[in-house]
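Kindly return the folded structure for what I paste below:
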Amino acid sequence: MEVRAKLENLKYKATLFPNLKEYESDKFQSGELSKKASFILNFKDNHFAVSQWKSPKRTRTYPYARVYDTMGMQTRITLIPFVKNEGFDGDQDYLQWDTVSLMSLLNVYVIIGYYGYAERNRNYDNKITNQIMDYAYLAEQIEQLSDYKSSALHWNLNQLEKCQFIAEKAKENYQKISAKLKIRLHSLGGIDDRIRILKDNVQKFKKFSRKLSAEAQNREFQTLQPKENLIEKKAKLTVRNYLGGEYHFTIDELRIERDSLILMEKKNSSKAKYPNVSDIKDGFVKLMLFTNLADTRIESESYKHISVLGLTSSVFKGFCHSQMPDEEIGEVLKSNSFSTKQQKTVLSVFNEGRINNFMIFLMDNHHPEYQNQILEI
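Here you go, the predicted model:
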């Protein structure tokens, strides 16, 4: 089943910000901050909130959570590698257009980079690790951004125009890394494919990447991940924005209640009482979209929609949800031996749902009937 919707504006109030550390530009340019997930960068009298992706693939290492942590600052930058080749014994991932487009919707400035350094992974014959991007190039881009007056959308489109140069630098550097470390990498033909496409124009790149994104959506739609604990069926979600761009997502669970669609993002923990906060923040970024959808349809039929973040656990007993009074939630958490700090975390998570008009629940995943009780409230 496929849900189609439009997104014209994106309004969301994020509340679970960490206290990001501040660094000066010299530490950035030297590459000392390459392992930092999110931080504030003081760069020529500007204060940028910066997040870094460890891979261009958005289903790895909670990159959305890293972006979420910067949402409290006015100017937000995210650094994404164009390609990450981990060697023949590892993975190879490429940046997709929809990733850049989503960041544009969140008003996040994207800087696309390339890796310039790597070390041999001693546990494999043909795998590299500790990859570090070219921070001199990234610093040049941030310097240009310091004087930039237009929107994240226009900046990000300009970044795509530079992808041919970035792709060629990525290919060149990986060839040097392979020769220096005497390690077999994945074929660089995929980079050549993208360079050829980019030479024509950015529009073809968008079209090609959307095709790959749609194929990824189909794979995710058909695959149940081990960490997922689902009750309803998955569904495809295709969102079109005012620019005509399309975003291909998978709704973890879709439930139809009369004239309403319940769109659920699910996060599960098999060992802890609730999913970790990074996983929850990753879910929040999806809810930023869900809560702002308009003209939600299945085929030609229009529906209202309700957004839900479901947190499930194999060791939690009972259930609680964000529409309950805090006192009742606290009793359920205490019965599960939550510490004061853990209670505060869950209440803060629930409060973000209240502020942004979506429901959050936490329940024992051994009792799927609890979900029916929660959603029928």
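
residue boundaries of the strands in the stretch 51-200 of the chain?
Using DSSP state E, counting those that start in this stretch, the strands of the stretch 51-200 of the chain run over residues 76-81, 83-85, 92-94, 108-113, 115-120, 128-133.

Enumerate the positions of the fourth one that are buried.
Put plainly, it is strand 108-113. By neighbour count with 16 or more other CB atoms under 10 Å, strand 108-113 contains the buried residues 108, 109, 110, 111, 112, 113. For glycine as for every other residue, the C-beta is placed from the backbone atoms N, C-alpha and C.

Out of the residues you listed, which is nearest to residue 90?
Nearest to residue 90 among the buried residues of strand 108-113, counting by CB to CB, is residue 113 at 19.0 Å.

With adjacent residues omitted, what lies nearest to that closest one?
residue 133 (4.2 Å; CB to CB, 6 or more residues apart in numbering).

what's the domain layout of this protein?
31-214, 225-375 (automatic domain parsing).

As a check, name the ranges of all helices in the stretch 151-300 of the chain.
Shown for the stretch 151-300 of the chain, the helices assigned by DSSP state H, counting those that start in this stretch span residues 152-161, 163-181, 189-200, 202-222, 277-290.

Any chance of these in TSV with mean neighbour count and mean pLDDT as columns?
Shown next, in TSV, are the helices of the stretch 151-300 of the chain (neighbours: other CB atoms under 10 Å; pLDDT from 0 to 100):
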stretch	mean neighbour count	mean pLDDT
helix 152-161	18	87
helix 163-181	18	94
helix 189-200	16	77
helix 202-222	16	63
helix 277-290	22	93
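
Quick one: closest of those to residue 76.
Nearest to residue 76 among the helices of the stretch 151-300 of the chain is helix 152-161; the distance by CB to CB comes to 8.0 Å.

Point out the other helices and strands that the closest one packs with.
Secondary-structure packing of helix 152-161 (3 or more CB pairs under 8 Å, 6 or more residues apart in numbering; DSSP states H and E): helix 97-105, strand 108-113, helix 202-222.

out of the buried residues of strand 108-113, who's nearest residue 265?
Out of the buried residues of strand 108-113, the member with the shortest distance to residue 265 (by CB to CB) is residue 108, at 19.6 Å.

Thought residue 79 was touching the closest one, still the case?
No: contact criterion CB atoms under 8 Å: residue 108 and residue 79 do not qualify, at 10.7 Å.

what touches both of those two?
Counting by CB atoms under 8 Å, 6 or more residues apart in numbering, the shared contacts of residue 108 and residue 79 are residue 51.

what's the closest of the strands of the stretch 51-200 of the chain to residue 174?
Residue 174 lies closest, by CB to CB, to one member of the strands of the stretch 51-200 of the chain: strand 83-85, at 5.4 Å.

circling back: export the strands of the stretch 51-200 of the chain as a markdown table, with columns for mean pLDDT and distance to residue 173.
Below are the strands of the stretch 51-200 of the chain laid out as a markdown table (pLDDT from 0 to 100; distance: least, CB to CB, whole Å):
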| stretch | mean pLDDT | distance to residue 173 |
| --- | --- | --- |
| strand 76-81 | 97 | 11 |
| strand 83-85 | 95 | 10 |
| strand 92-94 | 91 | 14 |
| strand 108-113 | 96 | 11 |
| strand 115-120 | 96 | 5 |
| strand 128-133 | 96 | 10 |
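
Make JSON lines from the ones you listed and add distance to residue 144 to it.
Formatted as JSON lines, the strands of the stretch 51-200 of the chain follow (distance: least, CB to CB, whole Å):
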{"stretch": "strand 76-81", "distance to residue 144": "12"}
{"stretch": "strand 83-85", "distance to residue 144": "22"}
{"stretch": "strand 92-94", "distance to residue 144": "24"}
{"stretch": "strand 108-113", "distance to residue 144": "9"}
{"stretch": "strand 115-120", "distance to residue 144": "19"}
{"stretch": "strand 128-133", "distance to residue 144": "17"}
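
So for residue 59, which of those sits nearest?
Between residue 59 and those, the tightest spacing by CB to CB is seen for strand 92-94, at 9.4 Å.

Starting from the closest one, tell me which strands it pairs with and how they run.
According to DSSP bridges, strand 92-94 forms sheet pairs with strand 83-85 (antiparallel).
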